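Asker: whatever this is, show me its structure:
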Amino acid sequence: MKFSKFGQKFTQPTGISQLMDDLGDALKSDQPVNMLGGGNPARIDAVNELFLQTYRELGNDNDTGEANSTSIISMANYSNPQGDAAFIEALMGFFNRHYDWNLTADNIALTNGSQNAFFFLFNLFGGAFVEAKDSEEQTIDKSILLPLAPEYIGYSDVHVEGQHFTAVLPHIEEVTHEGEEGFFKYRVDFEALESLPALTEGRIGAICCSRPTNPTGNVLTDEEMARLAKIARRYEVPLIIDNAYGMPFPNIIYSDVTLNWDDNTILCFSLSKIGLPGVRTGVIVAAPEVIAAVSAMNAVVNLSPTRFGASIATPLVENDAIKDLSNNEIKPFYQQQAQTAVALLKNELGDYPLMIHKPEGAIFFWLWFKDLPITTLELYDILKEKGTLIVPSQYFFPGVDVSDYQHAHECIRMSIAADEDTLAKGIAVIGEVVRKLYDEAK
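Answerer: This next block holds a predicted model:
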């Protein structure tokens, strides 16, 4: 059977497809697997209890015990392509209440998860553009500029045709964390960024960053964000910010930072990391013309976004429970997990060339094994055979030729969302394998 170029692109092996396939196989396995590779959020009792309570209230009115017809009807009908109107209204009130952004309903659209959102946005702003120049039309190929690589594995293959990314490698700075050595932090190389020919010659369609960053847990400072926003304005391109792990929900972010929005900024949020990945609900906050474009794409690709997640989240957004849950349950849980993971890693590999990216947020650790005798893609295969899943680093550099960038083959992403027993067992396996590799290379 022959597929089109579109079909061939989306059926070829990719980092994200390998990750999701391995996670699915692990869930079906009759052998125990240390799941440190995926992006599934932790199971937090207080979070699950609130969602269960909210779900029950969708079906019953608390006063009468009868079916809540409003909730039933909302899920029994399509929304318009922009998304569930009640949830959009609740989000508008929430953001205006807490951030004074003066949003209207025209500033918000829903998608079937944030991956769906980035498929839309990256194809809107990356690829072939037809522009007028000297009274003639010309086609220009524009890229999405990633100001700090490594970046999210799921970005790499979302363009309908080819890949359209330009990325800037980071400054790597050794830092301390809570008084301990053995940590590093990525910082944006603004000198390299602002001298990029693609930027200065008009071949960038948008600038995008995640905050906190998946895979590293890095949090761009307010100063870095303000500088990126200024650059985006100067070159008349939008700044897209992926808040899947950030403010205000799930707020897995430990730095003292602020969240800003203006009409040149596109903010993307998700219900996944608050504990609802299966409902596939993403949120885009942007200028009305962007929202109209996303709505039109929704109509073609999805008819309309799912309403189940919106129905659960609407009351939690209206009464700020989603904010309280994020601040009081979700963020503290991952802060404790991070402390546990640091202690376990230091115990296993404290005398070996391990560097940990400073934990500033998200649900991952980014581990750098300096001068590792093998690539972390090979390490991934060894660990997989030993029942421990991680993700090798080479998949996290869209827009970078990693063939001659050694650092891109020396890191792994490790989830810290697993229970403490799984985390300890998985780190023990990583420690055993990595120690042996270094010892045998001496």
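
Asker: correct me, but residue 298 touches residue 111?
Answerer: Yes: using Cβ atoms under 8 Å, residue 298 is in contact with residue 111, at 6.8 Å. C-beta coordinates here come from the backbone N, C-alpha and C atoms, glycine included.

Asker: comparing the two, which shows the higher neighbour count?
Answerer: The neighbour comparison of residue 298 against residue 111 (other Cβ atoms under 10 Å) goes to residue 111, with 28 against 24.

Asker: wait, doesn't the more buried one sit right on residue 294?
Answerer: Yes: with contact defined as Cβ under 8 Å, residue 111 reaches residue 294; the gap is 6.9 Å.

Asker: can you pull the residues that touch both of those two?
Answerer: Common contact partners of residue 111 and residue 294 (Cβ atoms under 8 Å, 6 or more residues apart in numbering): 117, 120, 284.

Asker: the residues you listed in helices, which ones?
Answerer: Residues of the shared contacts of residue 111 and residue 294 located in helices (DSSP state H): 117, 120.

Asker: any chance of the shared contacts of residue 111 and residue 294 in a markdown table, with distance to residue 38 too?
Answerer: Listed next are the shared contacts of residue 111 and residue 294 as a markdown table, based on distance: Cβ to Cβ, whole Å:
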| residue | distance to residue 38 |
| --- | --- |
| 117 | 19 |
| 120 | 23 |
| 284 | 24 |
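
Asker: among the shared contacts of residue 111 and residue 294, which one has the most neighbours?
Answerer: Using other Cβ under 10 Å as the contact criterion, the top neighbour count among the shared contacts of residue 111 and residue 294 goes to residue 117, which has 28 neighbours.

Asker: how near is residue 376 to residue 370?
Answerer: Using Cβ to Cβ, to the nearest Å, we find residue 376 at a distance of 12 Å from residue 370.

Asker: with residue 431 instead?
Answerer: Between residue 431 and residue 370 the distance is 16 Å, computed by Cβ to Cβ.

Asker: neighbour count: those two, which is higher?
Answerer: Each of residue 431 and residue 370 has its neighbours counted (other Cβ under 10 Å); residue 431 has more, 18 against 14.

Asker: packing partners for the helix or strand where that one lies?
Answerer: Of the helices and strands defined by DSSP states H and E, residue 431 is found in helix 420-441. Applying 3 or more Cβ pairs under 8 Å, 6 or more residues apart in numbering; DSSP states H and E, one finds that helix 420-441 makes contact with strand 34-35, helix 331-349, helix 376-385, strand 388-389, strand 411-415.

Asker: who touches the third one?
Answerer: Contacts made with helix 376-385 from outside it, assessed by Cβ under 8 Å, 6+ apart, are listed as 22, 369, 372, 389-394, 409-412, 429-430, 433-434, 437.

Asker: quick one, what contacts residue 354?
Answerer: Neighbour list for residue 354: 182, 345, 367-370, 434 [criterion: Cβ under 8 Å, 6+ apart].

Asker: narrow those residues to those in strands?
Answerer: Among the contacts of residue 354, the members found in strands (DSSP state E) are 182, 367-369.

Asker: next, the distance between the ends of stretch 314-324.
Answerer: Between the opening and closing residues of stretch 314-324 lies a distance of 14 Å (Cα to Cα, to the nearest Å).
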